[in-house]
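**Q** Take this sequence and fold it.
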Amino acid sequence: MKHYFLFIAIILSGCASKKAINPDEIINIPTPISWELNISNSIQDESWWKEFNDPTLNEFLNEFIDKNMSLEKAMLNTRKAKQGAVIASGSLFPSISLTGSGSESEQNTAGFPPMFSTLFGQSSQDISVFTQENFNLSLGTQWEIDLWGKLRQGRVASKQQYLATQYYEDYLRISLTAEAAKLYFSIIEAEKILRNTSQKLANAETIFSLYTLRYNKGSISIEAYQKSEIIFYSTKSDFQNKQLALNALKREAMLLVKNYPNQNFEHEKNFPNSIPNLPATLPADIIKRRPDLIVQQYNLLAAKALDKQALLALLPSFNLIGSLGGSSNDLKDLNNKNFSVWSKGLNVFLPVFNAGKLIANKKIAKTNKEIAMLDFINALLNAYKEVENAIESDKVSNDALLIANSNAALANNIYNTTFEKFKRGGTSFEEAINANNALHNSLDLKASVEKVRLEQRINLILALGGGFKYKK
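**A** I've put the predicted structure just below:
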């Protein structure tokens with residue numbers, strides 16, 4: 001019989017070991033072997049933002065990683081998960097506790113407290129009182145023999161949950177840092193658009209001043225003058241709205257690094273000239289190192305372990321118990337070996353009837369395992385989708401920037417030519433204003449496309465899991 005139990009314990013112990021998941025064995029869908037990016041050079045640093053060569057951005061993101069409250073909460077959750085794993089591991093070992101107690105009891109011949117004796121016509125002098133003291137001191141132990149591997153499965157699940165939490169912290173660090181970098185570039189975009197709007201306002205003011213002189217000389221109608229005045233004040237209002245939008249972004253950035261949310265945020269005035277490069281060819285399985293995919297893998301491993309634990313909970317459990325100590329009516333006799341008290345024993349618990357709770361727990365655990373499997377497959381397919389979208393968007397945004405630069409140059413030439421004609425009276429106010437608006441709309445679009453180009457490169461980096469120190 002002993003050999004039989006030992007054989008089962010060895011088998012179940014082997015089942016408790018961790019086994020890495022190969023996505024190709026889970027998902028039967030054709031996937032690419034590699035991606036051709038047609039981009040030279042390679043990022044050699046996990047801190048990909050350093051490739052922008054923007055010292056102000058580096059300082060902001062370093063401070064963000066150190067001070068951001070969301071990242072700090074993720075770190076604290078990782079600590080909690082680690083302690084949960086420690087608790088689960090501790091269940092495999094015996095628990096030892098020291099117990100001490102002291103009590104005093106009183107008994108009398110009346111059978112009730114002396115203070116009530118007069119109510120029954122009995123004199124307190126006729127009542128005999130006996131007082132007894134008792135003191136106990138013992139060292140006790142209890143140990144559940146993990147014959148079936150139930151506790152080991154709990155330890156495996158807790159460890160996987162801890163690792164999942166740890167990688168989720170890494171995922172948050174990567175994704176939130178990417179969002180912080182995007183916010184930084186959004187501030188630069190808003191600053192450039194504000195400067196464009198400021199120049200647009202200055203041009204509108206110049207045109208309005210020329211129209212005012214012409215109106216005062218009687219060369220234009222009051223309707224044309226009032227129309228130019230409306231356009232000028234509309235441009236001024238637009239400038240104020242752009243200023244509000246910029247200040248709101250700056251306050252958001254200050255809040256991310258746990259500073260008072262004011263508009264005193266330091267940043268560069270222009271977008272960086274350099275951009276993080278990627279290898280010309282990337283192996284498709286690089287996405288397997290994405291922290292969010294690793295999180296799903298560990299969640300799946302934890303769900304499998306909990307499913308096994310729920311099954312093993314149907315089997316009997318064995319507990320070794322024992323205690324050693326002393327019991328005496330006199331405190332000083334507790335150290336006397338003549339008053340020693342000890343016990344030992346084995347408790348066996350076999351669930352017979354519990355209204356189906358254990359069976360329900362097993363079904364829940366199995367369902368959770370199936371859900372974890374679906375979550376992992378969904379996360380893997382989404383990862384491939386994000387990479388495909390990011391590669392395409394990165395190429396499109398690069399082409400869009402070339403077009404935006406060309407359009408801005410053309411719009412500048414058109415405005416300069418039109419304004420010179422307007423000063424000589426060779427063109428109308430509407431044409432001058434339209435040329436002014438077209439120029440600065442093109443400049444605004446160029447700033448937006450520059451920001452989108454940087455964002456798409458960040459999205460591609462994020463989709464691939466961060467920097468590109470890849471080891472097969």
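
**Q** quick check: mean pLDDT across stretch 359-372?
**A** Average pLDDT, stretch 359-372: 91.

**Q** ok, and for that stretch, which residues are buried?
**A** 361-362, 365-366, 368-369, 372 (16 or more other Cβ atoms under 10 Å). (C-beta placed from N, C-alpha, C; glycine too.)

**Q** Let's see which of those residues end up in helices.
**A** Within the buried residues of stretch 359-372, residues falling in helices by DSSP state H are 361-362, 365-366, 368-369, 372.

**Q** Hmm, residue 100 and residue 137 touching each other?
**A** Yes: taking contacts as Cβ atoms under 8 Å, residue 137 lies within contact range of residue 100: 4.8 Å.

**Q** right, and residue 440 touches residue 196 too?
**A** Yes: with contact defined as Cβ under 8 Å, residue 440 reaches residue 196; the gap is 4.8 Å.

**Q** Neighbour count: these two, which is higher?
**A** residue 440 (25 against 22; other Cβ atoms under 10 Å).

**Q** Contacts only, for the more buried one.
**A** 196-197, 199-200, 203 (Cβ atoms under 8 Å, 6 or more residues apart in numbering).

**Q** filter these to the buried ones?
**A** Members of the contacts of residue 440 classed as buried by 16+ other Cβ under 10 Å are 196-197, 200, 203.

**Q** where does the stretch 201-350 of the chain have low pLDDT?
**A** 282, 333 (pLDDT under 70).

**Q** Do a quick rundown of the strands in it.
**A** For the stretch 201-350 of the chain, the strands defined by DSSP state E, counting those that start in this stretch occupy 281-283, 317-328, 340-349.

**Q** okay if I get the ones you listed as a markdown table plus mean neighbour count and distance to residue 427?
**A** Below are those laid out as a markdown table (neighbours: other Cβ atoms under 10 Å; distance: least, Cβ to Cβ, whole Å):
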| stretch | mean neighbour count | distance to residue 427 |
| --- | --- | --- |
| strand 281-283 | 16 | 54 |
| strand 317-328 | 16 | 94 |
| strand 340-349 | 11 | 96 |
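
**Q** In a markdown table: those, plus distance to residue 422.
**A** Output for these, formatted as a markdown table (distance: least, Cβ to Cβ, whole Å):
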| stretch | distance to residue 422 |
| --- | --- |
| strand 281-283 | 53 |
| strand 317-328 | 93 |
| strand 340-349 | 95 |
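
**Q** out of those strands, nearest to residue 304?
**A** strand 317-328 (21.4 Å; Cβ to Cβ).

**Q** so what strands line up beside the closest one?
**A** Partners of strand 317-328 in the sheet, by DSSP bridges, are strand 129-145 (antiparallel), strand 340-349 (antiparallel).

**Q** Quick one: closest of the strands of the stretch 201-350 of the chain to residue 382.
**A** strand 281-283 (17.8 Å).

**Q** what sits against the most centrally placed residue in the chain?
**A** Central residue of the chain (Cα atoms, centre = their mean): residue 172, 3.7 Å from the mean position. Applying Cβ under 8 Å, 6+ apart to residue 172 gives the contacts 70-71, 74.

**Q** and this structure, what are its domains?
**A** Using automatic domain parsing, the domain parsing of the chain gives 15-92+147-316+355-463, 97-145+318-350.

**Q** highest average neighbour count across those?
**A** Ranked by mean neighbour count, these are led by domain 15-92+147-316+355-463 with a mean of 17 (mean count of other Cβ atoms under 10 Å).

**Q** and it, how far out from the chain's middle?
**A** Computed by Cα atoms, centre = their mean, to the nearest Å, the separation of domain 15-92+147-316+355-463 from the middle of its chain amounts to 14 Å.

**Q** Which parts of this protein are helices?
**A** 2-15, 23-26, 55-67, 69-90, 150-216, 222-256, 291-312, 357-423, 429-463.

**Q** how about these in a markdown table, adding distance to residue 271?
**A** Compiled in a markdown table, these are given as follows (distance: least, Cβ to Cβ, whole Å):
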| stretch | distance to residue 271 |
| --- | --- |
| helix 2-15 | 55 |
| helix 23-26 | 37 |
| helix 55-67 | 10 |
| helix 69-90 | 26 |
| helix 150-216 | 6 |
| helix 222-256 | 15 |
| helix 291-312 | 28 |
| helix 357-423 | 10 |
| helix 429-463 | 5 |
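
**Q** Tell me which of the ones you listed lies nearest to residue 283.
**A** helix 357-423 (11.6 Å).

**Q** elements contacting that closest one?
**A** Using 3 or more Cβ pairs under 8 Å, 6 or more residues apart in numbering; DSSP states H and E, the elements in contact with helix 357-423 are helix 23-26, helix 150-216, helix 291-312, helix 429-463.

**Q** okay, those in CSV with distance to residue 342 next?
**A** Formatted as CSV, the helices and strands packed on helix 357-423 follow (distance: least, Cβ to Cβ, whole Å):
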stretch, distance to residue 342
helix 23-26, 55
helix 150-216, 27
helix 291-312, 32
helix 429-463, 64
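
**Q** Which of those sits closest to residue 335?
**A** Once the helices and strands packed on helix 357-423 are compared by Cβ to Cβ, helix 150-216 is nearest, at 36.6 Å.

**Q** just to revisit the earlier point, now the strands paired with strand 317-328 in a markdown table, with distance to residue 387?
**A** What follows is the strands paired with strand 317-328, written out as a markdown table (distance: least, Cβ to Cβ, whole Å):
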| stretch | distance to residue 387 |
| --- | --- |
| strand 129-145 | 48 |
| strand 340-349 | 52 |
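
**Q** which stretch among those strands comes nearest residue 155?
**A** strand 129-145 (12.8 Å).

**Q** How far does that closest one sit from its chain's centre?
**A** 49 Å.

**Q** Send me that strand as PDB with only the CA atoms.
**A** C-alpha atoms of strand 129-145 as PDB (Å, rounded to 0.1, in the frame of the first residue of the first chain):
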ATOM      1  CA  VAL A 129     -15.800  27.900  48.000                       C
ATOM      2  CA  PHE A 130     -13.200  26.000  46.100                       C
ATOM      3  CA  THR A 131     -10.700  27.900  43.800                       C
ATOM      4  CA  GLN A 132      -8.600  26.200  41.200                       C
ATOM      5  CA  GLU A 133      -5.900  27.600  38.900                       C
ATOM      6  CA  ASN A 134      -4.600  26.000  35.800                       C
ATOM      7  CA  PHE A 135      -1.600  26.900  33.500                       C
ATOM      8  CA  ASN A 136      -0.700  25.500  30.200                       C
ATOM      9  CA  LEU A 137       2.300  25.900  27.900                       C
ATOM     10  CA  SER A 138       2.700  23.900  24.700                       C
ATOM     11  CA  LEU A 139       4.600  23.800  21.400                       C
ATOM     12  CA  GLY A 140       2.300  22.400  18.700                       C
ATOM     13  CA  THR A 141       2.700  21.500  15.100                       C
ATOM     14  CA  GLN A 142       0.500  20.600  12.200                       C
ATOM     15  CA  TRP A 143       1.500  19.400   8.800                       C
ATOM     16  CA  GLU A 144      -0.700  18.400   5.900                       C
ATOM     17  CA  ILE A 145       1.100  15.600   3.900                       C
END
